[in-house]
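Enquirer: All I have is the shape, not the residue letters:
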């Protein structure tokens with residue numbers, strides 16, 4: 001009898017051990033904003049201090065040829081969906097083009113199907129209103145700022161703080177405004193750690209998306225003091241800097257960027273220490289990456305271009321993956337991989353079913369980690385404001401060859417750039433004259449992909465903000481999502497609109513303006529076939545109200561403006577409350 005009990009005991013211990021080994025891995029995805037490939041000491045930068053990330057990179061699988069989009073929102077939509085951004089409806093960083101279609105299936109939604117707890121902390125930049133918010137796209141917990149950057153014109157809760165917007169911010173916790181104390185990167189890290197601690201006994205997906213080191217370059221003084229006497233031009237290839245010299249203004253910006261990165265590095269030490277303390281390190285996938293190249297000229301490891309460019313300085317970023325129970329650390333993958341590959345990779349690693357009924361552009365990079373050869377494929381990259389422009393800032397790389405178009409829609413092949421990325425990884429020698437046949441072949445493929453993407457359903461049927469739903473009331477329409485006029489930012493006089501889906505009914509509207517308005521003008525709302533206006537006799541008001549306004553059902557352009565003579569004033573934001 002005693003032996004029978006012992007046998008049962010050992011079987012239970014064995015089964016518990018097997019369960020631990022086969023339990024789904026936790027996932028921590030860390031992404032920083034506008035931190036280029038060269039903004040790490042491990043990548044050869046002699047002036048920056050990143051001891052935590054350098055050590056983490058040595059413990060990880062390092063992807064040496066990892067690519068993203070040239071700017072923020074497109075990278076994030078591809079990262080979340082495994083699809084080129086244009087398929088998702090994301091075509092810009094503002095101008096109404098940074099809202100992802102609600103029909104998209106995100107990494108968070110995919111992992112929730114496998115019973116993961118999901119949380120986002122930091123920058124979302126894929127829509128600030130229902131149905132495009134993190135909570136609408138698979139996240140159980142969300143702590144975010146609005147728009148593309150904290151303190152930007154779209155982030156109206158922090159906009160008027162100007163040069164202190166990164167300190168003591170008003171953030172949106174589970175879609176409600178809350179005031180926080182401290183520095184933004186510290187706040188996001190602390191709340192991510194709390195989320196991890198709270199969910200340590202079940203699989204979790206933690207998306208820690210720092211808004212730093214994006215502009216405005218605000219940083220605690222203790223970190224700035226580390227770099228105040230540093231000359232960041234040391235070690236920089238002057239051939240890649242305008243006029244061959246880093247200006248004093250750019251040097252000062254770079255010092256602040258480095259200080260912000262070192263602050264992130266210290267925050268990640270706290271996070272990594274917590275994962276180790278909880279005893280979940282071996283079964284936790286930790287990924288570190290950045291969203292695009294640097295926002296101003298600085299060290300980029302000799303690469304050409306920076307943020308917004310389809311040259312490698314704009315789209316090649318660090319990507320490190322640590323998963324101790326599955327992969328050996330301190331190894332390298334040199335095969336081309338990209339942001340579109342993350343979703344299919346996590347699908348495989350986490351045993352979560354891939355989204356159906358849609359084209360996934362990426363593929364799992366697990367075979368690459370194992371050293372298995374993958375079929376050759378092409379990677380398409382583009383960036384121009386508002387919508388893609390044919391052959392302007394567009395690139396296609398297939399295998400070792402890369403074609404770059406920074407020219408007119410009807411340009412001859414001689415106007416393009418052609419690079420052999422094995423012989424010339426820094427893209428210094430344009431060999432289009434010697435490779436016209438190869439270039440023409442790539443141009444044909446580039447054109448085909450371009451035409452397919454610009455005709456995507458989610459570009460033709462653009463994502464819209466819902467008014468009058470039970471999921472969000474009131475709705476705050478902010479300038480990041482205003483379309484129409486190009487580059488509507490912080491101009492007082494502009495003419496623009498929001499694309500909305502309205503539920504028929506009466507609404508109270510509050511129009512907040514950048515500055516007090518002159519008297520004796522009228523507040524107008526154009527929507528559908530109706531126009532409603534209210535005369536304003538008062539002077540020095542920056543907030544106007546229209547109560548019990550009838551809005552018709554359906555998709556419309558919501559177009560508000562204050563008119564005085566020939567001047568039109570566009571609101572900073574509009575609060576829309578269904579009655």
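Expert: Nice, thanks for sending it over. Note that this is a predicted model, so its numbers are computed, not measured.
Enquirer: Please count neighbours and contacts with C-alpha atoms only from this point.
Expert: Will do.
Enquirer: Helix or strand: which one has the most centrally placed residue in the chain?
Expert: Nearest to the geometric centre of the chain sits residue 76, at 3.5 Å (Cα atoms, centre = their mean). In the assignment (DSSP states H and E), residue 76 maps to helix 72-81.
Enquirer: average pLDDT across that helix?
Expert: Averaging pLDDT along helix 72-81 yields 98.
Enquirer: After the worst-scoring helix or strand of the chain on mean pLDDT, which helix or strand is next?
Expert: The least trusted helix or strand in the chain, going by mean pLDDT, DSSP states H and E, turns out to be helix 2-22, with a mean of 48. Using DSSP H and E, the helix or strand that follows helix 2-22 towards the C-terminus is strand 26-32.
Enquirer: Tell me which strands that following strand pairs with, and in which orientation.
Expert: Here strand 26-32 is paired, per DSSP bridges, with strand 204-209 (parallel), strand 284-290 (parallel).
Enquirer: quick one on the thing from earlier: on contacts alone, who are the packing partners of the helix holding residue 76?
Expert: Contacts defined by 3 or more Cα pairs under 8 Å, 6 or more residues apart in numbering; DSSP states H and E place helix 72-81 against helix 85-88, helix 107-112, helix 342-349.
Enquirer: quick check: longest helix of this structure.
Expert: helix 248-277 (DSSP state H).
Enquirer: quick one, it and strand 26-32 angle?
Expert: 170 degrees (axes from the mean of the first three to the mean of the last three Cα atoms, to 10 degrees).
Enquirer: what comes up buried for helix 248-277?
Expert: Residues of helix 248-277 classed as buried: 250-265, 267-268, 271, 274-275 (neighbour count, 16 or more other Cα atoms under 10 Å).
Enquirer: and the helix or strand containing residue 548, which residues are buried?
Expert: Secondary structure from DSSP H and E places residue 548 in strand 541-551. Using 16+ other Cα under 10 Å as the test for burial, strand 541-551 gives 544, 546, 549, 551.
Enquirer: same question, stretch 154-170
Expert: Within stretch 154-170, the residues scored as buried using 16+ other Cα under 10 Å are 154-159, 164-170.
Enquirer: could you pull out the helices for the stretch 101-250 of the chain?
Expert: Along the stretch 101-250 of the chain, counting by DSSP state H, counting those that start in this stretch, helices occupy 107-112, 156-159, 184-198, 221-227, 248-277.
Enquirer: helices or strands up against the shortest one?
Expert: When contacts are defined as 3+ Cα pairs under 8 Å, 6+ apart, helix 156-159 packs onto strand 170-173.
Enquirer: Pairing partners for the strand it packs on, with directions?
Expert: Strand 170-173 is paired, per DSSP bridges, with strand 141-145 (antiparallel), strand 176-179 (antiparallel).
Enquirer: For that strand, which outside residues touch it?
Expert: Strand 170-173 has contacts (Cα atoms under 8 Å, 6 or more residues apart in numbering) with 141, 142, 143, 144, 145, 146, 157, 158, 177, 178, 179, 180.
Enquirer: And these, which two are furthest apart?
Expert: 141 and 158 (21.2 Å; Cα to Cα).
Enquirer: hang on, isn't residue 409 packed against residue 393?
Expert: No - in this structure, residue 409 is not within contact of residue 393 by Cα atoms under 8 Å, at 11.0 Å.
Enquirer: can you pull the pLDDT of the spatially closest residue to residue 440 that is not a sequence neighbour?
Expert: Take residue 440 and drop its neighbours on the chain: the residue closest to it by Cα to Cα, 6 or more residues apart in numbering is residue 413, 6.8 Å away. Residue 413 is assigned a pLDDT of 98 by the prediction.
Enquirer: can you pull the contacts of residue 413?
Expert: Contact analysis of residue 413 by Cα under 8 Å, 6+ apart lists 432, 436, 439, 440.
Enquirer: Also residue 577?
Expert: Residues counted as contacts of residue 577 (Cα under 8 Å, 6+ apart) are 468, 473, 474, 475, 507, 508, 509.
Enquirer: need those in CSV with pLDDT and secondary structure, can you?
Expert: Compiled in CSV, the contacts of residue 577 are given as follows (pLDDT from 0 to 100; DSSP: H, G, I helix; E, B strand; the rest coil):
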residue, pLDDT, secondary structure
468, 97, coil
473, 98, coil
474, 98, coil
475, 98, strand
507, 98, strand
508, 98, strand
509, 98, strand
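Enquirer: could those go into CSV alongside neighbour count?
Expert: Converted to CSV, these look like this (neighbours: other Cα atoms under 10 Å):
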residue, neighbour count
468, 22
473, 16
474, 19
475, 21
507, 20
508, 16
509, 21
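Enquirer: what about residue 210, distance to residue 112?
Expert: Distance, residue 210 to residue 112, using Cα to Cα, to the nearest Å: 23 Å.
Enquirer: With neighbour numbers in mind, choose between residue 409 and residue 393.
Expert: residue 393 (21 against 11; other Cα atoms under 10 Å).
Enquirer: Can I take it that the more buried one is in a helix?
Expert: No - counting by DSSP: H, G, I helix; E, B strand; the rest coil, residue 393 is located in no helix; its state is strand.
Enquirer: mind checking pLDDT for it?
Expert: Reported pLDDT for residue 393: 98.
Enquirer: nearest spatial neighbour of it, skipping sequence neighbours?
Expert: Counting by Cα to Cα, 6+ apart, the residue nearest residue 393 is residue 406, at 4.6 Å.
Enquirer: okay, now the one you found: neighbour count?
Expert: Look at residue 406: counted by other Cα under 10 Å, it has 18 neighbours.
Enquirer: can you tell me which residues contact it?
Expert: So residue 406 contacts 391, 392, 393, 394, 416 (Cα under 8 Å, 6+ apart).
Enquirer: rewinding a little: just the buried members of the contacts of residue 413?
Expert: For the contacts of residue 413, buried by 16+ other Cα under 10 Å: 432, 439, 440.
Enquirer: now, which of those residues sits nearest residue 231?
Expert: Nearest to residue 231 among the buried ones among the contacts of residue 413: residue 432, at 37.8 Å, using Cα to Cα.
Enquirer: How about residue 317, nearest residue that isn't a chain neighbour?
Expert: If the residues on either side of it in the chain are set aside, residue 317 comes closest to residue 37, at 4.7 Å by Cα to Cα, 6+ apart.
Enquirer: which outside residues touch stretch 528-548?
Expert: Stretch 528-548 has contacts (Cα under 8 Å, 6+ apart) with 506-526, 552, 556-558, 579.
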